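**Q** sequence first, then the predicted structure:
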Amino acid sequence: MAKQRTVYVCTDCGNETSNWAGRCPKCGSWNTLKEITLDAYQKGSRARSGSSREDRKLPKKITELDVTEEIRFSTGISEFDRVLGGGAVEGSLVLVGGAPGIGKSTILLQMCGKIGSEKTILYVTGEESERQLKLRADRLGVNSSSVFVLAETDINSVLSNLDTTEPDILIIDSIQTISDYDNDSAPGSVTQVKECTMRIMRVAKERGLTVFIVGHINKEGSLAGPKVLEHMVDCVLYFEGEQNTSFRLLRAAKNRFGSTNEIGVFEMNNTGLSSVDNPSEMLLSGRPDDTPGTCVTCIMEGTRPLLAEIQALLTPGGYNASRRCNGLDYNRAAMLLAVVEKRGGLSVIGCDTYINVIGGLTLDEPSADLATVLAICSSYLERPLGTDLAAIGEVGLSGEIRSVSAVNQRLSEIARLGFKRCVIPAHIKGEIKKIPGLETIPVKNVYEAIRTVLKKPKTE
Ligand code: TYD
Ligand code: MG
């Protein structure tokens, strides 16, 4: 009889060790190592390795490999298709991650409504009852007879139901609620999530089934149970956005069939998620007129330019100046404040500083630096920048304004949204194409930017 192998798996990070310890050697959590026997896993590998010599696959020359183009189908939701790289690939495994309540179930149910008449879909819900799902489906107008619903948490039952319904698409909502009752670790644990995904993956590849798996994100921002899921699936999509705003971004973190640069933009309203074709317009709506402390910049989300409004509020601080940053890296903001103090000649360090990016957007591009600096200075000096001004440029530690990528694309978007002036890094002046109606203001450094845009009274 083959020897049973036992490993210890950390329920927090998924790390496997051969010896038990009170503390996980990888993530340092206490009492998280659980014993699992690799019986089932071994059976599978034995079966595979037991194949006779003749059956074994032989390596082929790369030039002789079959290149059948992947077959894609539309999900019926344009922004969803865009993130997937032009529609979902048949037979692929897609992981849709995000915080609870962000809209994962909603988008997948909406997809059922759009393509339910062409494809047979099995929607497995381990979180909601049939009644709850039906109420939501009615609200979203999903009424196709080829969408099947299974309120089930047992993986064996899910897989056996594939024979009865024979779906083209399988939706698992969510992977953390699905478990194998023969495996004695707790539902939602790393072992269960990993094992269930592995089984789904095997069946899906055999049948050419397209699978969408919902995964919740834990507080640290990783997919709960794990990174182990990310490498198994073909495509990992994350939903981002603030719960209390209606703006949602769907971002590809991994895509074996397309680029990971694209984002999908949605708005959540009472009829579910709707694709936003013109996100900049939405992000700028409700912008205050001539008030100090606000500046617009243009970031690139993949190939798409997106305008974002940065607001800053500076008030005289006490001994311990406090700082809050929303949507911008705290350390980056601290650096920009130091640059303004040292190179811009304004004493902003001692102020209580609040910085906020409108719409729940997170800016991690240095091209937003100049707009952040101008918003900070505008609030400090109590002088508005004017609603017709935008700024792009990275700020260096010596206060110099450095260049950004795709500058012409950004400027066209800025002009399209009705802006009349844009502050740009001086040394890219030669690269830019003239856009009618948009005046560019080249600046070399932070000092010059503040003097040109904020100190000089407007001439008109
Ligand atoms: P849901 O898709 O259930 O989130 P997840 O599956 O990611 O946990 O989204 C739930 C939220 O969406 C909930 O707060 C209510 C809101 N919502 C709407 O605003 N309009 C709608 O039409 C639907 C279906 C949900
Ligand atoms: Mg849900």
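**A** Cool, the structure landed. Ligands and ions are numbered 1, 2, ... in the order given.
**Q** show me where the protein has helices.
**A** Secondary structure of the chain (DSSP state H): helices at 39-49, 78-84, 104-115, 130-140, 155-165, 190-207, 227-232, 279-284, 330-343, 369-381, 407-416, 446-450.
**Q** quick one, which of these gets closest to ligand 1.
**A** Ligand 1 sits nearest to helix 104-115 of all those, at 3.3 Å, using Cβ to the nearest ligand atom. Quick note: C-beta positions are derived from backbone N, CA and C, even for glycine.
**Q** which residue does the stretch 351-460 of the chain have closest to ligand 1?
**A** Nearest residue of the stretch 351-460 of the chain to ligand 1: residue 360, at 14.2 Å (Cβ to the nearest ligand atom).
**Q** per-residue confidence at residue 4?
**A** At residue 4, the model reports a pLDDT of 65.
**Q** could you give the bridge partners of residue 421?
**A** residue 389, residue 439 (DSSP bridges).
**Q** output stretch 301-308 as PDB, restricted to C-alpha atoms.
**A** What follows is stretch 301-308 as a C-alpha-only set of coordinates in PDB (Å, rounded to 0.1, in the frame of the first residue of the first chain):
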ATOM      1  CA  GLU A 301      -5.800  53.500 -17.400                       C
ATOM      2  CA  GLY A 302      -4.500  51.000 -19.900                       C
ATOM      3  CA  THR A 303      -5.000  52.600 -23.300                       C
ATOM      4  CA  ARG A 304      -7.700  54.900 -22.000                       C
ATOM      5  CA  PRO A 305      -7.100  58.400 -20.700                       C
ATOM      6  CA  LEU A 306      -9.200  59.200 -17.600                       C
ATOM      7  CA  LEU A 307      -9.600  62.600 -16.000                       C
ATOM      8  CA  ALA A 308      -9.400  62.800 -12.200                       C
END
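**Q** would you check that residue 29 makes contact with residue 14?
**A** No. If you go by Cβ atoms under 8 Å, residue 29 and residue 14 don't touch, sitting 11.4 Å apart.
**Q** quick check: residue 263 touching residue 248?
**A** No. Using Cβ under 8 Å, residue 263 makes no contact with residue 248, being 10.2 Å away.
**Q** now for the two: what residues contact both?
**A** Common contact partners of residue 263 and residue 248 (Cβ atoms under 8 Å, 6 or more residues apart in numbering): none.
**Q** against residue 140, how distant is the residue lying closest to residue 327 once chain neighbours are set aside?
**A** With sequence-adjacent residues excluded and distances taken as Cβ to Cβ, 6 or more residues apart in numbering, residue 327 is closest to residue 357, at 3.0 Å. Separation of residue 357 from residue 140 (Cβ to Cβ, to the nearest Å): 30 Å.
**Q** re the thing from before, higher neighbour count, residue 29 and residue 14?
**A** More crowded of residue 29 and residue 14, by other Cβ atoms under 10 Å: residue 14, with 20 against 14.
**Q** just want the phi and psi numbers for the more buried one.
**A** Torsion angles at residue 14 (phi, psi; degrees, to the nearest 10) stand at phi 90, psi 10.
**Q** mind pulling up the pLDDT for it?
**A** Residue 14 carries a pLDDT value of 72.
**Q** beta partners for residue 154?
**A** Beta-bridge pairing of residue 154 under DSSP bridges involves residue 179.
**Q** now do the contacts for it.
**A** 178-181.
**Q** now the stretch 151-300 of the chain, which segments are flagged as low pLDDT?
**A** The model of the stretch 151-300 of the chain has pLDDT under 70 over residues 218-227.
**Q** quick check: residues of it near ligand 1?
**A** Listed as neighbours of ligand 1 in the stretch 151-300 of the chain under the rule Cβ under 6 Å from any ligand atom: 268, 270-272.
**Q** buried subset of the residues you listed?
**A** Buried by 16 or more other Cβ atoms under 10 Å: 268, 272, out of these.
**Q** the residues of the stretch 151-300 of the chain next to ligand 1 in strands, which ones?
**A** Those of those mapping onto strands are 268, 272, per DSSP state E.
**Q** domain ranges for this structure, per the record?
**A** Under the assignment automatic domain parsing, the domains of the chain span 6-42, 70-277, 282-453.
**Q** hmm, back to that, compare residue 357 and residue 140 (neighbour count), which wins?
**A** Per other Cβ under 10 Å, whichever of residue 357 and residue 140 has more neighbours is residue 357, with 22 against 16.
**Q** so what's the more buried one up against?
**A** 308-311, 326-328, 363.
**Q** now do stretch 244-251: distance to the chain's middle.
**A** The chain centre lies 10 Å from the centre of stretch 244-251; the measure is Cα atoms, centre = their mean, to the nearest Å.
**Q** which of the residues in it are buried?
**A** Residues of stretch 244-251 classed as buried by neighbour count (16+ other Cβ under 10 Å): 246-251.
**Q** again, but for stretch 77-92
**A** So stretch 77-92, judged by 16+ other Cβ under 10 Å, has buried residues 77, 79-85, 87-89, 91-92.
**Q** does that stretch reach ligand 1?
**A** No. Using Cβ under 6 Å from any ligand atom, stretch 77-92 never reaches ligand 1; the gap is at least 13.4 Å.
**Q** what are the C-alpha coordinates of that stretch, in PDB please?
**A** What follows is stretch 77-92, C-alpha atoms only, in PDB (Å, rounded to 0.1, in the frame of the first residue of the first chain):
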ATOM      1  CA  ILE A  77     -21.700  43.900 -21.500                       C
ATOM      2  CA  SER A  78     -19.300  46.000 -23.400                       C
ATOM      3  CA  GLU A  79     -17.000  47.000 -20.500                       C
ATOM      4  CA  PHE A  80     -16.800  43.400 -19.300                       C
ATOM      5  CA  ASP A  81     -15.800  42.300 -22.800                       C
ATOM      6  CA  ARG A  82     -13.100  45.000 -23.000                       C
ATOM      7  CA  VAL A  83     -11.500  43.800 -19.700                       C
ATOM      8  CA  LEU A  84     -11.500  40.200 -20.900                       C
ATOM      9  CA  GLY A  85      -9.600  41.300 -24.000                       C
ATOM     10  CA  GLY A  86     -12.500  41.300 -26.400                       C
ATOM     11  CA  GLY A  87     -15.000  38.900 -24.900                       C
ATOM     12  CA  ALA A  88     -14.700  35.700 -22.900                       C
ATOM     13  CA  VAL A  89     -12.600  32.800 -24.200                       C
ATOM     14  CA  GLU A  90     -14.500  29.500 -24.500                       C
ATOM     15  CA  GLY A  91     -13.200  27.000 -22.000                       C
ATOM     16  CA  SER A  92     -11.400  29.500 -19.900                       C
END
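**Q** show me where the stretch 251-400 of the chain has its strands.
**A** When assigned using DSSP state E, counting those that start in this stretch, the strands of the stretch 251-400 of the chain occupy the ranges 263-269, 272-275, 294-301, 304-316, 323-326, 351-357, 389-391, 394-395.
**Q** adjacent strands (with direction) for the second one?
**A** So the one you mean is strand 272-275. Paired strands of strand 272-275, with direction, are strand 263-269 (antiparallel) (DSSP bridges).
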